[in-house]
Structures are given as C-alpha cells and as structure tokens.
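> Got a sequence here, can you build the structure:
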Amino acid sequence: GDDSVVLQTASAGYAIAKSPATHILFEANQKLGPIGLVRGKIIGIVREKPFVVIGPGQAVLTLTGKRTERAKDLKVGDELTASVGVEGFDWNKVDNVVGGGPLLVKNGVVSLNPLKEKFGDAFSNARHPRTAIGASKDGDIYMVVVDGRQAMSRGATLAELAEIMVQVGCDKAINLDGGGSSTLVIGGLVLNRPSDGVERAVANGVLLSGELPSSDVQMVLKGSKTVEAGKNSVYTVVDETGQTVADGEVLWAATGNGWIDQSGTLRTLKAGKCTVRALVRGKIVVGEVTIE
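From the prediction side, this is the model:
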C-alpha cells in the first residue's frame, strides 16, 4: 500500500510493491518471530523497481510512498535493525494464525462493514463460493463452505454468509478465501464441489488434526446404479454383516453430474456419470452411478 513498510523473508520468494518504492535487501540468517528484532548487513538497495527476488538467508524491507525518504541515506554495508511487533492482542496466547476478512459476526449478530475493511462492492454483494470460520460462545468451531458458480448453487453474498454463520450458532465469525479456493476436506474426502471442478492449489488453509474412527469391517454402497435425469435416489452404506450404517457415521460427497446431501439423497443434474463417495469409520467407500 501507500506509505508503508513491509518486511519479507526468503519464504516469500520476492518482494513486490508499486512505485515509488525502495527495497532494502539485507542478510537475515536468524529466525523471524512475531515479536523481536531483526538485524543484518545491507547487501543491496533497489529503487523504482516493482519486485526484488529474495535469496536464502536474506530479507527485504520495502518502503513505499513518503516512507522511502527514510532510506535516502542508507548504503550497502550499513547495519540494519528492524523491530517487529503486534498490537491489539496478546501474542503469547496465540497458537495458530490465518488471514481473512471481512468480519461477519460479532457478539452473536451480523457485524459486516466490507467498505471499512477495504473490500469492494463487487466482492461483497455478488454471489460467489464462500468460506468462513466461526466460534460459538461455548468454543465450538464452525467451518463453513458455500458452493457457487454452478447449477446446483449460485453462491452467497457476504451478507448471506454472515446470516448463515449466525444461524449455525456462531458468536463470532470471519470470511476466509473463497471463490475457486473454497474447499472442505475431511479424511481425504472433498465434501463440497469446488467451482473449478477440482481442488485449487492454495497458499494456506485451516487444518484440524486428530485420529479418525477406524474399522476392519468391509463396507459397500447400497443404491441404484442407474438413475433417471431429474430424479433423486437414496444411498446407504452397508457393512459385511448386512447392517446399514447409521447416518450419523457417514459423510457423503459426489462428483460429476449429480450432488448428494448428508442424508444420502443424490440429486441428478443431467445425463452422464456421477461418482458417489462416503467416508465411514475412516474409510472412503466409492460407487459409480449412470444418469440417463
């Protein structure tokens, strides 16, 4: 942005900024934390270029706008010290961080001001695939994906997403990266239908880890292998003893020309092929369906 100071390490690969900008390249072999000092010898000063490559053991301090005046007397060989800190919360209480915005819910009600947080009208008011994360007063975490840009779901505006987060029980919630990046995966099963048709390569995400349920019992899908276009069909999972697995133990997903809800009801979209998958007791069970 204008009149800013940004510190980038080798993990970023390069520093980028609009002119006027000054990139100060310096040695930085120590680990960079959220709080502390970074020191190193200046090995290069680059002015009026849009980006600078950052090599191993290096960092770049980029100054833009009026802040470039602070670098006018610096030269190669000088020692640079940068102070890094955070404001607004106690960093010692933070385990993990992910960026997002705008805020959707605060104190259990919709609290949405995209323009104040510098999100444009097109981003806020058009329907897109959306991702959000929130928490209830009791500390329950809600991770929500709304599919979009498809026949079965157009997506949601930010206002609609905020209402959804309130409805599921969030006391606070924030919008995360959406569009083709909106993906929800559990145990290797992609639960939603990414708008690109496949999962997109993304820079970060939110990961919850733990042990999945497990079972040595073999299971299969039970249901029609052929369904008429425009019709619905219900599927279940049956174990090797012939017992139907309870709905609460199964997570459903479908790709191709149909989509399936968490009751196991497949809704056909058009003639063609559809693959139905079920995550049950740590295993993914797969079935192929022809839609005629």
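> Show me how the chain divides into domains.
Taking automatic domain parsing as the reference, the chain has its domains at 5-84, 103-190, 219-291.
> Point out the one among those that comes closest to Asn204.
domain 103-190 (8.2 Å; C-beta to C-beta). Glycine gets a C-beta too; all of them are placed from N, C-alpha and C.
> that older thread, who wins for proximity to Val202 among the domains of the chain?
Comparing these against Val202 with C-beta to C-beta, the closest turns out to be domain 103-190 (5.1 Å).
> Test my guess that Met152 contacts Asp261.
No: the criterion here is C-beta atoms under 8 Å, and Met152 misses it with Asp261 at 10.5 Å.
> what is in contact with these two at once?
In terms of C-beta atoms under 8 Å, 6 or more residues apart in numbering, Met152 and Asp261 are both contacted by the residues Arg267.
> For the domains of the chain, could you give me TSV that also reports distance to Lys93?
Formatted as TSV, the domains of the chain follow (distance: least, C-beta to C-beta, whole Å):
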stretch	distance to Lys93
domain 5-84	12
domain 103-190	14
domain 219-291	33
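> Quick one: closest of those to Asn92.
domain 5-84 (8.9 Å).
> now the helices for the stretch 51-200 of the chain?
Under the criterion DSSP state H, counting those that start in this stretch, helices of the stretch 51-200 of the chain are mapped to 121-125, 158-168.
> For Val220, list the residues it contacts.
By C-beta under 8 Å, 6+ apart, the contact list for Val220 reads Val237, Val238, Val285, Gly287.
> And those, which is closest to Lys66?
Closest approach to Lys66 among those (C-beta to C-beta): Val285, at 61.4 Å.
> Test my guess that the closest one contacts Thr236.
No: using C-beta under 8 Å, Val285 makes no contact with Thr236, being 10.6 Å away.
> out of the two, which sits in the more crowded spot?
The neighbour comparison of Val285 against Thr236 (other C-beta atoms under 10 Å) goes to Val285, with 19 against 16.
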